[in-house]
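[1] model this:
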Amino acid sequence: MLPWKRVFGPLAALLLAVSAATTAPAVAATPTASPTAVTAAASSGWNDFSCKPSTAHPRPVVLVHGTLANSVDNWLGLAPYLVNRGYCVFSLDYGQLPGVPFFNGLGPIDKSAGQLSAYVDRVLAATGAPKADIVGHSQGGMMPRYYLKFLGGAPKVNALVGLAPDNHGTTLLGLTKLLPHFPGAEDLLNEKTPALADQIAGSPFLTKLNAGGDTVPGVKYTVIATRYDQVVTPYQSQFLTGPDVRNVTLQDLCAVDISEHLAIGLFDRIAFHEVANALDPGRATQTTCASVIG
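    Predicted coordinates:
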């Protein structure tokens with residue numbers, strides 16, 4: 001990717017989020033995915049609360065979208081991929097801001113973790129499973145760690161798989177270092193788009209999240225990162241340390257895979273294959289460039 005494109009991507013996302021927040025009306029709303037997208041999800045077999053996990057795949061999979069995404073659009077690739085492999089798959093909307101439709105994951109991340117907690121309880125009650133597996137993209141791969149660590153989620157979760165998760169925050173290719181040079185910018189982020197402020201490397205939220213270790217006992221962790229990530233930078237900051245952790249760089253599996261931050265979560269079937277391996281390590285098969293046709 002050309003350098004200007006690598007900078008434009010995160011900058012555009014930042015500007016979009018701030019613009020959406022600052023122009024949002026004061027009237028509260030309930031932002032979700034679009035009606036068309038919801039229909040697509042239902043017809044693709046996920047978010048079916050009558051689904052019962054099979055013996056082969058005894059745990060439901062909860063998908064957690066990223067910043068500025070929603071419960072359907074983020075998962076139009078991976079959710080059907082997993083459904084076709086016999087999983088009960090569910091996804092939630094979280095982090096909604098009043099008056100901002102479709103673009104979720106912008107509210108305070110600790111509050112979003114509370115939404116995840118309630119949703120996991122709902123999924124477990126509906127499926128009868130004692131534990132779930134969680135797969136998240138970007139913020140959605142990091143936020144569940146707050147649920148596991150502080151909200152009692154660890155006994156209810158077998159595995160957390162993060163696709164390009166910002167586990168230790170991001171510098172947005174250094175753009176966050178420019179914030180002090182724009183008076184009021186940091187206050188604007190904190191007030192209008194708290195999740196963006198929470199995800200800046202060194203934020204109070206991330207300091208609390210990572211204090212005392214990255215992981216909690218009893219949960220298996222997988223991080224799948226790409227060297228071409230232009231949003232969560234440096235990409236190595238995504239990796240976790242601790243027991244039951246597997247850190248994967250996509251290009252170590254397929255050197256010619258050029259997926260960046262969005263592609264790894266939206267449509268990269270090499271990454272999807274590695275997700276399937278993490279969910280069912282007993283039946284794992286080698287992930288290679290050929291996995292794109294698997």
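[2] What pLDDT does the model give F8?
    On the pLDDT scale, F8 is placed at 37.
[3] Y228 too?
    On pLDDT, Y228 comes in at 97.
[4] ok, now the one 10 residues further on?
    The predicted local confidence for Q238 comes out at a pLDDT of 98.
[5] Now do the contacts for it.
    By C-beta atoms under 8 Å, 6 or more residues apart in numbering, the contact set of Q238 is 141, 162, 164-168, 223, 225, 229, 232, 247. Backbone N, C-alpha and C define where each C-beta goes, glycine included.
[6] swap in T288?
    253-254, 270.
[7] Narrow the residues you listed to those in helices?
    Among the contacts of T288, DSSP state H puts 253, 270 in helices.
[8] Could you dump the contacts of T288 into TSV and include neighbour count and distance to T287?
    Shown next, in TSV, are the contacts of T288 (neighbours: other C-beta atoms under 10 Å; distance: C-beta to C-beta, whole Å):
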residue	neighbour count	distance to T287
L253	18	5
C254	19	8
I270	23	6
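[9] of all the contacts of T288, which comes closest to N84?
    Nearest to N84 among the contacts of T288: I270, at 16.6 Å, using C-beta to C-beta.
[10] and the host helix or strand of T207, what other elements does it pack with?
    Assigned by DSSP states H and E, T207 belongs to helix 204-210. Applying 3 or more C-beta pairs under 8 Å, 6 or more residues apart in numbering; DSSP states H and E, we find helix 204-210 packed against helix 144-150, helix 194-198.
[11] Just the buried positions in it, please.
    205-206, 209-210 (16 or more other C-beta atoms under 10 Å).
[12] repeat for stretch 123-139
    For stretch 123-139, by 16+ other C-beta under 10 Å, it's 123-124, 126-127, 129, 131-139.
[13] Sort out for me which of these are in helices.
    Secondary structure assignment by DSSP H places 123-124, 126-127, 139 of these in helices.
[14] Pick the one among these closest to P108.
    Using C-beta to C-beta, these come closest to P108 at Q139, 11.7 Å.
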